[in-house]
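1. sharing a model that was predicted from the sequence below.
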Amino acid sequence: MSSLSIHNTLTRRKEPFVPLVPGKAGIYVCGPTVYDYIHIGNARTFSVFDLVVRWLRASGLAVRYVRNITDVDDKIMERARSRNEPIEALTERTVAAFAEDCARLNLLVPDSEPRATRYIGPMVEFIETLEKKGLAYRGANGDVYYSVRDFPGYGKLSRRNLDELRSGERVAVEAAKRDPLDFVLWKAAKPGEPSWPSVFGAGRPGWHIECSAMSCRELGETFDIHGGGWDLQFPHHENEIAQSEGANARPFVNYWMHSAFLNMGDEKMSKSLGNVFTAREVLAKLDAVQGGEQLRFFLLRGHYRSELSYTWDLLEDAGNTLRGFYTALREVNPEEGPVDWSHPLAKRFRDAMNDDFDTPIAFAVLHELRGEVNRARSPALAGLLKALGGTIGFLQADPEAFLKGGVSVDAGKGGATVDVDALVAERAAAKKARDFARADEIRRQLDAAGIVLEDKPGGVTEWRKK
RNA sequence: GGCGCGGUAGCAAAGUGGUUAUGCAGCGGAUUGCAAAUCCGUCUACGUCGGUUCGAUUCCGGCCCGCGCCUCCA
């Protein structure tokens, strides 16, 4: 029986996963900054870690899953100001929208979603500890900074050498910093900005400190897995390590996981290129019933450490493939039940997932299983297919409902909605009378409306969305 | 300049020192009133030049090409 290996960014290699406490796992994922809807790159990252959590649980571990919400930040303040909306109204609205997007993508609700604004106290205490240990200092401008030169090992995650980091070349360095790479822990209050009282004076926390303080509260000083997008490696996660290990004098995280980027075609997603799509923009273009799982499948069928290109064709391709799975489950009613891990295909699926979440192979196994289901028409095998898909958050919808899709069917002529069932019934009568001309006319009419008819043995006609 | 990643068939995407990845698309066949679905079969591969090896897509080196981070960023 294979066991899980995880690629650890700290060591840049796959390592056997050994939980801190046998049978349990703690995972912290850097969540959204709630000033706008999440984009599909965010969706990829969150989907990846949803997959990780699901697989850890499928492996029998009791997982505590924490994903934070950053609700105090410069971008939030700017957005609230430009929209002339109170900050809290903006963040509450965005948090609610985020929850909707997650639900469409079939993302698990984390066990805890700590918000920065509710952990100001712990953050201040954290900074106090750092100051006592000589790792933090107060600048002339009232800000409190972390002194990176006083933390041995700074750069170990992103493999950067302090002297090679030419900070300040591209951005002006704050004069109050002793070293250009020092980062802010506490920002002194400015007029019109939200602030909290503290021993450092009124102010608000820097970005990095929330994750150190909240992960410590939620998961302890040392925990198993910390995840996020590739770009967070530096400086965010490097700074988290400096803060947490500096304050606690213990290892912070055992396994660092970073998901690769999603690009727009062959271009990087960026606001200046104007090619940032929100998850809900993409979902709006997809079928109301199928779209969420289609997007999830598109995001997860490649390996999480490989870059992924977003194109409409690839999204459609993912939809075609996914429909293939559901077609098999529609044709052979799956037995409900847990995974039979003794089945050879189940073993191969597990081996693939245990090999650093190798979803391309896992899905290849599922395709083989799909073929077996169709050949053998075995409810037990169909049940295995569904159960295996379920371990990573797929194939749990009702197959017929999934294949019929969710949007109203429009004939494209005068905007009239087609009554599919009535037409199918009429066609059945025509077929019985051997009026194939009429039957084919109805087929064509429905085809034009995006409906494919499938005649089954016994005179039954199924239909699905094209 | 520093650090790092990748080039696999039409498209996507794994993996392996010698034996079919897999999917979508295409093509042929079975099946079907016609279709669809399904099944069977099938065509396109491992950037380039060398090295190691009985044998390399798979290990090593050079080269070419593409890309990322070093600044807020999933």
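-> Everything's here; your move.
2. for RNA strand B, give me its nearest residue in chain A.
-> The nearest approach of chain A to RNA strand B comes at A:Gly229, 1.4 Å away (Cβ to the nearest atom of the strand). The way it works is simple: take the backbone N, C-alpha and C, and place the C-beta from them, glycine included.
3. surely that residue and A:Met257 touch.
-> No - between A:Gly229 and A:Met257 there is no contact under Cβ atoms under 8 Å: 10.4 Å.
4. quick revisit: can you name the residues bridging to the residue of chain A closest to RNA strand B?
-> As for beta bridges, A:Gly229 partners with A:Ser259 under DSSP bridges.
5. who are the contact partners of it?
-> Residues counted as contacts of A:Gly229 (Cβ atoms under 8 Å, 6 or more residues apart in numbering) are A:30, A:41-42, A:45, A:258-259, A:261.
6. show me which of those residues are buried.
-> A:30, A:41-42, A:45, A:258-259, A:261 (16 or more other Cβ atoms under 10 Å).
7. return the subset of those residues lying in strands.
-> A:258-259 (DSSP state E).
8. among the buried ones among the contacts of A:Gly229, which ones lie close to RNA strand B?
-> Taking Cβ under 7 Å from any atom of the strand, the overlap between these and the neighbourhood of RNA strand B is A:30, A:41-42, A:45, A:259, A:261.
9. now render those residues as TSV, adding pLDDT.
-> Listed next are those as TSV, based on pLDDT from 0 to 100:
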residue	pLDDT
A:Cys30	95
A:Gly41	94
A:Asn42	94
A:Thr45	95
A:Ser259	94
A:Phe261	92
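10. just those: which are in helices?
-> A:41-42, A:45 (DSSP state H).
11. from those residues, pick the one nearest A:Lys75.
-> Nearest to A:Lys75 among those is A:Asn42, at 13.7 Å by Cβ to Cβ.
12. residues touching that closest one, list them.
-> Here A:Asn42 is in contact with A:32, A:229, A:279 (criterion: Cβ under 8 Å, 6+ apart).
13. wait, which of those is closest to A:Asp179?
-> Out of those, the member with the shortest distance to A:Asp179 (by Cβ to Cβ) is A:Gly229, at 26.3 Å.
14. could you report the pLDDT at that closest one?
-> On the pLDDT scale, A:Gly229 is placed at 93.
15. ok, the one 3 residues further on next?
-> pLDDT, the model's per-residue confidence, is 92 for A:Leu232.
16. is it true that it touches A:Cys30?
-> Yes - A:Leu232 is within contact range of A:Cys30, at 5.6 Å (criterion: Cβ under 8 Å).
17. now the strands for the stretch 251-400 of chain A?
-> A:253-259, A:262-264, A:308-310 (DSSP state E, counting those that start in this stretch).
18. now do the same end-to-end measure for stretch A:329-348.
-> Distance across stretch A:329-348, first residue to last, is 20 Å (Cα to Cα, to the nearest Å).
19. buried set for that stretch?
-> With burial defined by 16+ other Cβ under 10 Å, the residues of stretch A:329-348 counted as buried are A:329-330, A:332, A:334, A:339, A:343, A:345-346, A:348.
20. list just the nearest of those residues to A:Ala80.
-> Distances from A:Ala80 to the buried residues of stretch A:329-348, taken by Cβ to Cβ, are shortest for A:Leu329, at 46.3 Å.
21. with adjacent residues omitted, what lies nearest to that closest one?
-> In space, and not counting its chain neighbours, A:Leu329 is closest to A:Pro399: 4.3 Å by Cβ to Cβ, 6 or more residues apart in numbering.
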